[in-house]
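**Student:** The following comprises the amino acid sequence and a computationally predicted model.
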Amino acid sequence: QVQLVESGGGLVQAGDSLRLSCAASGRSFDTSAMGWFRQAPGKEREFVATVTWSGGTTYYADSVKGRFTVSRFNAKNTVTVYLQMNSLKPEDTAVYYCAARSSSYGSTNPNEYAYWGQGTQVTVSS
């Protein structure tokens, strides 16, 4: 059974850091691009970051560029994706979702990701 399980969310103050993790299992994800998306209350889900299958190429939304870093670790039966978030701002408050797509190359379009986690809440207070 395919599972993407996020962890690491929480309540922090502006300027703090958090590291989100996503453990993907249940099928082979080592050739899959992975992405992070977020959704704030009353807003549509938006792209945050993506990483190619090898981890060699990353791409970020302009709103997080320079503050967030996405990375991945491909183990034998599990792929773990990380999102290091620094200099957090109140506008980063959202539920953060990990996603996987069949292609080895990332996309900013959430409709191109077939597998999703349940999300983890990140709240940044001012």
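**Tutor:** Yep, that arrived. The shown structure was predicted, so the numbers you read here are calculated from the model rather than taken from an experiment.

**Student:** residues touching the nearest residue to Leu83 once chain neighbours are set aside, list them.
**Tutor:** Excluding the flanking residues, the one nearest Leu83 by Cβ to Cβ, 6 or more residues apart in numbering is Leu20, at 4.2 Å. To be clear about C-beta, it is placed using only N, CA and C from the backbone, and glycine gets the same treatment. Counting by Cβ atoms under 8 Å, 6 or more residues apart in numbering, Leu20 touches Glu6, Ser7, Gly8, Gly9, Trp36, Tyr82, Leu83, Met85, Tyr96, Cys98, Thr120, Val122.

**Student:** Quick check: buried residues in the helix or strand where Leu20 lies?
**Tutor:** Leu20 is part of strand 18-25 when elements are defined by DSSP states H and E. Within strand 18-25, the residues that qualify as buried are Leu18, Leu20, Ser21, Cys22, Ala23, Ala24, Ser25, counting by 16 or more other Cβ atoms under 10 Å.

**Student:** Identify the residues contacting the third one.
**Tutor:** Spelled out, it's Ser21. Contacts of Ser21 by Cβ under 8 Å, 6+ apart are Glu6, Ser7, Gly8, Thr80, Val81, Tyr82.

**Student:** One more: Trp53?
**Tutor:** Here Trp53 is in contact with Asp30, Thr31, Ser32, Ala33, Asn74, Ser104, Tyr105 (Cβ under 8 Å, 6+ apart).
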